[in-house]
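Colleague: one predicted model, sequence on top.
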Amino acid sequence: MEDHGHPSTKIETGDFGYILEDIPHLSDYIPNLKTYPNPMRFNPAYSVVKQYFIDCDDTVPEKVVVQKNGPRGTHFRRAGPRQNVYFKPDEVHACVVTCGGLCPGLNTVIREIVCALYHMYGVSRVLGIDGGYRGFYSKNTITLTPKFVNDIHKRGGTVLGSSRGGHDKLKIVDSIQDRGINQVYIIGGDGTQKGAAVIYEEIKRRGIKAVVAGIPKTIDNDIAVIDRSFGFDTAVEEAQRAINAAHVEAESAENGIGVVKLMGRYSGFIAMYATLASRDVDLCLIPESPFYLEGRGGLLEYVERRLKENGHMVIVVAEGAGQELVAQSNSSIAKDASGNKLLKDVGMWLSDNIKAHFAKKKHMHITLKYIDPTYMIRAVPSNASDNIYCTLLAQSCVHGVMAGFTGFTSGLVHGRHTYIPFSRIVDHPNKVVITDRMWARVLSSTNQPSFLGPKEVLEFQKVEEQRIQLLEGENSSISTSGTNFECTSLLRCFSCS
Ligand SMILES: Nc1ncnc2c1ncn2[C@@H]1O[C@H](COP(=O)(O)OP(=O)(O)O)[C@@H](O)[C@H]1O
Ligand SMILES: O=P(O)(O)OC[C@H]1O[C@](O)(COP(=O)(O)O)[C@@H](O)[C@@H]1O
Ligand SMILES: [Mg+2]
C-alpha cells in the first residue's frame, strides 16, 4: 500500500497495470480492532443466496473499454456485505444527514439506511441530523426507526431537512464525539462530499472509532466516476411533462415558442437527456456548449428559420447555459451560503431577447411561453427505478460501514456497486462532453446548429484530449514497480499499442 497524495486514497498496484484506488479502513489508524461474524449469516431471508458475501479481492474497473495490450487500469473496491463486521450491533450509534439542494430519492436513501441497519444488522440506534451540516451543532436530532421512515419514500424532499453552508469541522466532530456517534452517513453532492472528507480526516486525527461514509446526491448528475446519480432518472422523466406542456402551447399558437428551463448549474445532463427522450425539442442549450444570439449561424436566425419551416418550436435551456451572455447585461456576482455561484435566469433572458428580436419584425408575430419547472422537478418523490437504485446505494453503504471501511462514497460504476475514495468523487465534476457521440445525437435529433466553427471544434477536441491525458497522467504517476507490467507510463502504453 502506498500513499498517493490524497489522504483518503490508498493505492495498490498489481500485474499488467492493475491499480486499486482503495478506501481507508478503521484498522488503518486503530490497531487490534475486534471483529464479529456478520449477523446476515443468520438472516433467513439471505440464507438462500449461494455466495452472499463479497470476496475481499473483488474490484470493479473504472474503464470497461480496453485495448488488447493496454494496462488493466484503475479499479474500485466492490461494495457488499463482508463475512466479518467491525461493530457489534448494540455498539452502533449511527446518524444520517442530508446536505445541499433537494433531489428526488433523498427520503428513500434515508429509509433504506435505517432499514438496512435495523433489519440486516440488528442496529437500533439511528439518529437523524436536522437541517444539514449545521444541524450537528445547532439543532435537535430526530430518532429514526423503521416505523418513522416507513412511508417517507413516497414523499419528495428530505424528512431531515437540508441546508447550504454551516460546515464547521470542529463543531461537527465535537458533536459526533460528544453524542458517541460511531457511524456517520452523509448524503449530498460534491460540496457535501468535500465536507465529509474533512470530517473523516478530523475523526482520524482524533483517533475515534467512527466511520464516515457518503452517498452521492445531485440532481445535476455532475458527480464524476459514477454511472449516474440517484434522482436523475426521475428528473428527466418529470422534465418531460414540462416539455410536453411547452410543445402543446407552442403548437396551438401561430409561431408559438415554448421555452423550458431545467436544472443544471455546470452540467447540462438533465437538459440533454430530457431533449433526447422527448423528441419535441428543437433547440437544447447547455452550459458546456457556447452559443450566440445575433448574426449568421446565431440562435435568433435558427429560431426564425425553424418557425418558418414548422410554425412552432420548443427550446430547452439548462439553467447554467449562456451565463457569460446573461452576465453582460447584469454583471453582479452573488454566491450562496456554500459558495456556489448564484445563476442569472437564462430562461427569462432568452425569452426577452427572442421577443425583442421578433418585435422588430412587423411580418412575424410570435407567441412565447416560458416555463420554469425547476423546483417542481426537484421536489417530486423518486420514480420506481430510482427507488431501487437508492435502496441498493443505501444498503451498499451500510455494508461497507459495518465492515469498518471509512472515508468513502458508495457509487455505481458500470452497473456494479463500489466504494470510491472521497478524493476521486470531488476531484473533477462530471460534464457533458460536447465532442462525444451523445451530444452529437442531440444535435442530430433537434437539427440545431452547433454554434461552433471548425476552429472551435478543434479547440474543444484539444481541451478534451488534454483532460483525458491529465486523468490518465494522474494514473500513470502511480508507480507500478514490483509488478510484471513493463511500461511505467500508462499513456505510453496507449500510444505503443
Ligand atoms: N470545500 C468544502 N469543505 C467543507 N464543506 C463544504 C465544502 N463545500 C461545501 N461544503 C458544505 O457542504 C454542504 C453542501 O454543499 P453544497 O455545495 O451546498 O451542496 P452539494 O453538496 O449538493 O453540492 C454545505 O453545508 C457546505 O457548507
Ligand atoms: O437550492 P438552491 O439553493 O436554490 O440551488 C439550486 C441549485 O441546486 C441544484 O438543484 C443542485 O445543486 P447541488 O447538487 O449542488 O445541491 C442546482 O441544479 C441548482 O442550481
Ligand atoms: Mg454541488
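Modeller: It's in. Quick caveat, the model's predicted, so the values are computed rather than measured. Numbers count the residues shown, from 1 in each chain. Ligands and ions are numbered 1, 2, ... in the order given.
Colleague: check contacts around residue 47.
Modeller: By Cβ atoms under 8 Å, 6 or more residues apart in numbering, residue 47 lies in contact with nothing. Heads up, the C-betas are built off the backbone N, CA and C, glycines and all.
Colleague: just the closest residue of the stretch 351-497 of the chain to ligand 2, please.
Modeller: Nearest residue of the stretch 351-497 of the chain to ligand 2: residue 378, at 5.6 Å (Cβ to the nearest ligand atom).
Colleague: can you list the residues of the chain near ligand 3?
Modeller: Within the chain, the positions near ligand 3 by Cβ under 5 Å from the ion are 189, 190, 191.
Colleague: how many residues are close by the second one?
Modeller: If you count neighbours by other Cβ atoms under 10 Å, residue 190 ends up with 24.
Colleague: the residue of the stretch 351-497 of the chain closest to ligand 2 and residue 75: what is the separation?
Modeller: 34 Å (Cβ to Cβ, to the nearest Å).
Colleague: again with residue 308
Modeller: Distance from residue 308 to residue 75, by Cβ to Cβ: 54 Å.
Colleague: what does residue 228 give?
Modeller: 20 Å.
Colleague: who's more crowded, residue 308 and residue 75?
Modeller: Legend: neighbour count by other Cβ under 10 Å for residue 308 and residue 75, higher for residue 75 (21 against 10).
Colleague: so who does the more buried one touch?
Modeller: Residue 75 sits next to 18, 19, 20, 21, 59, 60, 61, 62 when contact means Cβ under 8 Å, 6+ apart.
Colleague: OK, contacts around the spatially closest residue to residue 10 that is not a sequence neighbour?
Modeller: Leaving aside its sequence neighbours, residue 10 sits nearest to residue 22 (Cβ to Cβ, 6 or more residues apart in numbering; 4.1 Å). Each residue near residue 22 by Cβ under 8 Å, 6+ apart is listed here: 1, 9, 10, 11, 12, 77, 421.
Colleague: tell me the phi and psi of residue 22?
Modeller: phi -90, psi 170 (degrees, to the nearest 10).
Colleague: if any of the contacts of residue 22 are buried, put those into a PyMOL selection.
Modeller: Selection of buried members from the contacts of residue 22 for PyMOL, criterion 16 or more other Cβ atoms under 10 Å:
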select buried, resi 9+10+11+77+421
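Colleague: sorry, back to before: ok, so of the residues of the chain next to ligand 3, who is nearest ligand 2?
Modeller: residue 189 (3.5 Å).
Colleague: so the closest one sits against residue 101, correct?
Modeller: Yes - between residue 189 and residue 101 a contact is recorded at 7.1 Å, counting by Cβ atoms under 8 Å.
Colleague: what is in contact with these two at once?
Modeller: residue 218.
Colleague: the more surrounded of these two?
Modeller: Using other Cβ under 10 Å as the criterion, residue 189 and residue 101 rank with residue 189 on top: 26 against 22.
Colleague: now that one, nearest residue through space, not along the chain?
Modeller: residue 218 (4.1 Å).
Colleague: which residues does that neighbour contact?
Modeller: Here residue 218 is in contact with 100, 101, 103, 189, 190, 229, 231, 232 (Cβ under 8 Å, 6+ apart).
Colleague: now the chain against ligand 3: closest residue?
Modeller: residue 189 (3.7 Å; Cβ to the ion).
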